[in-house]
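Student: here is my input; please provide its structure:
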Amino acid sequence: MRADRPAWERALPWLAPLAAGLGQLALGLRELALGHPHEDAFILFEYARNLAAGEGIVFFAGGPHTEGATDFLWMLLLALLTRVGLDVAVAAAVGNALGAALAAGVLVSSAVRAGLRGVGLGLASLASLALLSSAAALAARAGFGTLLYGALVLCLADGAARPPSAARLAPYLALAVALLRPDGVVLGLVFLVGAGLVSRRAGELPRFARHAWIVFGLALAYFVWRRWYFGHDLPLPLYVKSNGSRWSDLPGLAANLQWLASRLGPAPFLAALALALVLARARWRATLRSIAPELAACAGFLLLFSLGRQTQNHVYRFQSAAGLLIVLAAWRATLPLLAQPATGRRLVAACLLFLPHAPSLQRSVEQEQWTRAARSYMDVFPQALARHLRPDDALVLTEAGRLAFHTDCVTIDAVGLNDAECALRPIAGERLRALRPAVVLFHVAGALAFPPLSAGAPALRALTPAELASAVQPGWGAVFEQGLAQYEPGRVPEDVAPALLARFLAVGDDYELWLARYDGAYRHVWALRRDLPGLDALRAELAAATAPAAWRPYLAGSGR
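Tutor: Numbers count the residues shown, from 1 in each chain. Here you go, the predicted model:
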């Protein structure tokens with residue numbers, strides 16, 4: 001930035017990112033003070049905490065090496081911050097605050113390169129803070145690494161478009177993006193090709209090739225290591241999410257279309273982009289060429305997510321990186337208009353920077369209200385359960401987040417997200433009988449259905465084996481009656497596991513069965529082994545936890 005600019009202008013490129021980072025950190029800590037991280041975020045927290053404790057990448061202490069966490073670099077970062085003393089959820093808030101600062105920095109630096117000065121630069125800097133209402137920021141406040149991931153994607157898109165960073169930096173950013181999320185491989189490859197073309201035009205292709213070969217070697221070493229360490233070619237969630245449908249059916253297409261039309265989707269930014277191209281007049285072709293890499297990356301990204309089921313897609317977190325790329329494309333098309341001397345065009349450009357964020361801002365406010373209202377007995381009972389179990393006790397469950405996080409038991413996720421055997425084939429009765437789990441919990445999902453709650457119905461009620469058997473839905477009757485002998489490979493594991501667990505629990509009298517209200521209906525089935533020491537006390541803890549007065553936010557009871 002030129003030295004003849006006023007001091008406040010020179011300060012904006014770092015003040016705006018600082019404000020974005022501090023804002024995201026404050027909002028993230030506020031989320032923990034009012035509610036809890038998302039259930040799936042706790043899964044990665046458990047891996048990070050075990051790694052920080054020196055146990056390796058395992059889901060429970062002493063367990064097998066398991067790649068149930070797909071966000072590899074995010075897990076390493078959380079483990080490092082946990083190792084130096086931060087609570088793992090607070091570490092996630094810190095990591096995403098860094099992401100907010102990086103994302104805002106990319107947008108503001110784009111404004112500086114577009115020649116903005118004075119009020120125009122101030123407006124652009126202020127508009128960059130609106131990223132805190134994006135889908136990436138909302139999911140980040142639930143404990144996912146979406147904002148750091150999205151920020152590195154923006155850094156890659158920005159660096160790949162400009163020499164000399166295209167040759168020197170883009171290959172390493174592409175690797176980082178790919179190691180942060182498996183879908184980052186697609187984005188990394190698209191922008192790596194773009195960086196190669198930019199480097200060629202700038203006469204830096206040999207330098208780009210050297211760095212690209214280094215990155216290729218690092219990536220190859222990583223994949224060889226992970227195959228040796230985990231024993232599988234892919235993270236377990238990818239095996240699980242590939243079940244239940246054929247890729248040719250595009251099972252994720254509906255979710256992508258819903259995102260496109262949602263308040264967290266890109267429709268307002270695409271409209272702003274189109275209007276900016278119209279106002280650009282003769283320069284529209286050059287502008288479109290400049291943002292083509294972002295649009296191509298988004299297209300490839302959405303195609304990838306159309307091929308698999310998008311389960312647990314909290315606030316469209318899977319599409320959040322694509323959303324940020326479209327924001328960046330709209331910015332690049334709009335900023336030249338803001339730099340023009342015509343007052344009318346500058347006013348329109350300012351509107352194009354701010355107004356597209358209005359729907360997501362409204363959704364952000366509603367999300368905070370939902371966070372306060374969405375607490376349940378599952379936010380407190382895991383800590384109570386931990387006091388009644390020994391390390392050699394086994395837990396079998398389909399809700400593998402908070403329960404595993406707060407207990408030190410052998411924990412088997414019957415869906416397969418954290419257990420290699422279940423990821424490849426549903427859990428069998430023989431394995432369940434060998435484990436003799438102390439506690440079983442499953443969400444009924446689509447396999448079982450209980451009568452709707454009536455007025456005054458208890459939050460927790462006893463359940464008989466006959467009631468459990470009668471709740472199995474017709475489509476799962478064969479699996480319930482005959483187990484894996486009637487299992488059809490490729491059926492949705494979230495539905496297979498409840499049917500198989502119900503089959504195991506409906507036979508014999510080894511377990512007390514309880515039906516718990518969760519998310520407004522009877523959705524949780526609990527089984528407590530009758531010979532557990534302190535069974536009466538554990539049962540009383542479960543009953544007490546269902547009382548709303550007992551629920552508390554994460555920071556009020558996160559210790560183990």
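Student: tell me where the model's unsure across the stretch 101-250 of the chain.
Tutor: Low-confidence segments of the stretch 101-250 of the chain (pLDDT under 70): 242-248.
Student: which parts of it are helices?
Tutor: 118-128, 135-141, 146-160, 165-168, 170-180, 184-201, 205-230, 236-242 (DSSP state H, counting those that start in this stretch).
Student: redo these as CSV? Include distance to A20 and mean neighbour count.
Tutor: Where you see a C-beta, it was placed from the backbone N, CA and C, and this is true even at glycine. Below are the helices of the stretch 101-250 of the chain laid out as CSV (distance: least, CB to CB, whole Å; neighbours: other CB atoms under 10 Å):
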stretch, distance to A20, mean neighbour count
helix 118-128, 6, 20
helix 135-141, 9, 30
helix 146-160, 10, 29
helix 165-168, 21, 22
helix 170-180, 19, 24
helix 184-201, 22, 21
helix 205-230, 29, 14
helix 236-242, 30, 21
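Student: in a markdown table: those, plus distance to L424.
Tutor: Output for the helices of the stretch 101-250 of the chain, formatted as a markdown table (distance: least, CB to CB, whole Å):
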| stretch | distance to L424 |
| --- | --- |
| helix 118-128 | 45 |
| helix 135-141 | 28 |
| helix 146-160 | 27 |
| helix 165-168 | 41 |
| helix 170-180 | 24 |
| helix 184-201 | 22 |
| helix 205-230 | 13 |
| helix 236-242 | 6 |
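Student: looking at those, which is closest to N256?
Tutor: Closest approach to N256 among the helices of the stretch 101-250 of the chain is made by helix 135-141 (13.0 Å; CB to CB).
Student: nearest residue to L169 other than its sequence neighbours?
Tutor: G159 (4.8 Å; CB to CB, 6 or more residues apart in numbering).
Student: equivalent analysis for R263, please.
Tutor: P359 (3.8 Å).
Student: element containing that neighbour, please.
Tutor: Assigned by DSSP states H and E, P359 falls within helix 358-373.
Student: helix or strand right after that helix?
Tutor: Assigned by DSSP H and E, the successor of helix 358-373 is helix 381-386.
Student: need the contact partners of that following helix.
Tutor: Under the contact criterion CB atoms under 8 Å, 6 or more residues apart in numbering, helix 381-386 has outside partners 402-403, 405-408, 439, 538, 541-542, 544-545, 557, 560.
Student: mark which of the residues you listed are part of strands, please.
Tutor: V439 (DSSP state E).
Student: farthest-separated two in the contacts of helix 381-386?
Tutor: Every pair of the contacts of helix 381-386 checked by CB to CB; the farthest is D408 and A544, at 21.7 Å.
Student: so where's this structure shaky on pLDDT?
Tutor: Those would be 1-4, 242-248, 484-494, 548-550, 557-560, if you go by pLDDT under 70 across the chain.
Student: and the gap between the residue nearest the centre of it and C351?
Tutor: For the chain, F144 is the residue whose C-alpha lies nearest the centre (CA atoms, centre = their mean; 4.4 Å). Separation of F144 from C351 (CB to CB, to the nearest Å) stands at 31 Å.
Student: now do the helices in the stretch 301-450 of the chain.
Tutor: 320-338, 343-354, 358-373, 381-386, 402-406, 420-424, 429-435.
Student: ok, L77 touching G99?
Tutor: No - contact criterion CB atoms under 8 Å: L77 and G99 do not qualify, at 10.5 Å.
Student: more neighbours: those two, which one.
Tutor: G99 (28 against 20; other CB atoms under 10 Å).
Student: can you list the buried residues in the host helix or strand of that one?
Tutor: Per DSSP H and E, G99 falls inside helix 88-113. Neighbour-count burial for helix 88-113 flags 88-112 (criterion: 16 or more other CB atoms under 10 Å).
Student: can you give me the angle the one helix or strand A274 maps to makes with helix 343-354?
Tutor: If you go by DSSP H and E, A274 is part of helix 267-280. Angle of helix 267-280 versus helix 343-354, following axes from the mean of the first three to the mean of the last three CA atoms, to 10 degrees, is 160 degrees.
Student: got the angle for helix 267-280 vs helix 320-338?
Tutor: 30 degrees.
Student: other SSEs contacting helix 267-280?
Tutor: helix 284-306, helix 320-338, helix 343-354 (3 or more CB pairs under 8 Å, 6 or more residues apart in numbering; DSSP states H and E).
Student: again, only this time at 6 Å
Tutor: helix 320-338 (3 or more CB pairs under 6 Å, 6 or more residues apart in numbering; DSSP states H and E).
Student: and the helix it packs on, what's buried?
Tutor: Result for helix 320-338 [16+ other CB under 10 Å]: buried residues 320-338.
Student: how far away from the center of its chain is it?
Tutor: How far helix 320-338 lies from its chain's middle: 23 Å, per CA atoms, centre = their mean, to the nearest Å.
Student: could you export it as PDB, CA atoms only?
Tutor: This file holds the C-alpha atoms of helix 320-338, laid out as PDB (Å, rounded to 0.1, in the frame of the first residue of the first chain):
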ATOM      1  CA  SER A 320     -19.500 -23.700   2.900                       C
ATOM      2  CA  ALA A 321     -16.200 -23.600   1.000                       C
ATOM      3  CA  ALA A 322     -18.000 -23.300  -2.300                       C
ATOM      4  CA  GLY A 323     -20.100 -20.500  -0.800                       C
ATOM      5  CA  LEU A 324     -17.000 -18.600   0.200                       C
ATOM      6  CA  LEU A 325     -15.600 -19.000  -3.300                       C
ATOM      7  CA  ILE A 326     -18.700 -17.500  -4.800                       C
ATOM      8  CA  VAL A 327     -18.500 -14.600  -2.300                       C
ATOM      9  CA  LEU A 328     -14.900 -14.000  -3.500                       C
ATOM     10  CA  ALA A 329     -16.000 -14.100  -7.200                       C
ATOM     11  CA  ALA A 330     -18.800 -11.600  -6.500                       C
ATOM     12  CA  TRP A 331     -16.300  -9.400  -4.700                       C
ATOM     13  CA  ARG A 332     -13.800  -9.500  -7.600                       C
ATOM     14  CA  ALA A 333     -16.600  -8.500 -10.000                       C
ATOM     15  CA  THR A 334     -17.900  -5.700  -7.800                       C
ATOM     16  CA  LEU A 335     -14.800  -4.000  -6.500                       C
ATOM     17  CA  PRO A 336     -13.800  -2.300  -9.800                       C
ATOM     18  CA  LEU A 337     -17.200  -0.600  -9.700                       C
ATOM     19  CA  LEU A 338     -16.600   0.700  -6.200                       C
END
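Student: what comes into contact with that helix?
Tutor: 107, 110-111, 114, 120, 135-136, 139, 146, 150, 153-154, 266, 269, 272-273, 276-277, 279, 287, 291, 294, 297-298, 301, 345-346, 349, 352-353 (CB atoms under 6 Å, 6 or more residues apart in numbering).
Student: swap in stretch 423-436?
Tutor: 236, 239-240, 394, 414, 416, 483-484, 496, 500, 504.
Student: returning to what we had before: quick one, which of the helices of the stretch 301-450 of the chain is nearest to R461?
Tutor: Across those, closest to R461 is helix 381-386 (CB to CB), at 15.8 Å.
Student: the lengthiest helix in the chain: what's the following helix or strand?
Tutor: What stands out as the longest helix in the chain, according to DSSP state H, is helix 7-34. Moving toward the C-terminus from helix 7-34, the first helix or strand encountered (DSSP H and E) is helix 39-52.
Student: any buried residues in the helix or strand following that next one, and which?
Tutor: Counting by DSSP H and E, the element after helix 39-52 in chain order, helix or strand, is helix 72-83. Within helix 72-83, the residues scored as buried using 16+ other CB under 10 Å are 72-79, 81-82.
Student: compute the inter-axis angle for helix 72-83 and helix 170-180.
Tutor: Using the same axes, to 10 degrees: helix 72-83 against helix 170-180 is 80 degrees.
Student: what angle sits between helix 72-83 and helix 146-160?
Tutor: Using the same axes, to 10 degrees: helix 72-83 against helix 146-160 is 120 degrees.
Student: lovely, talk soon.
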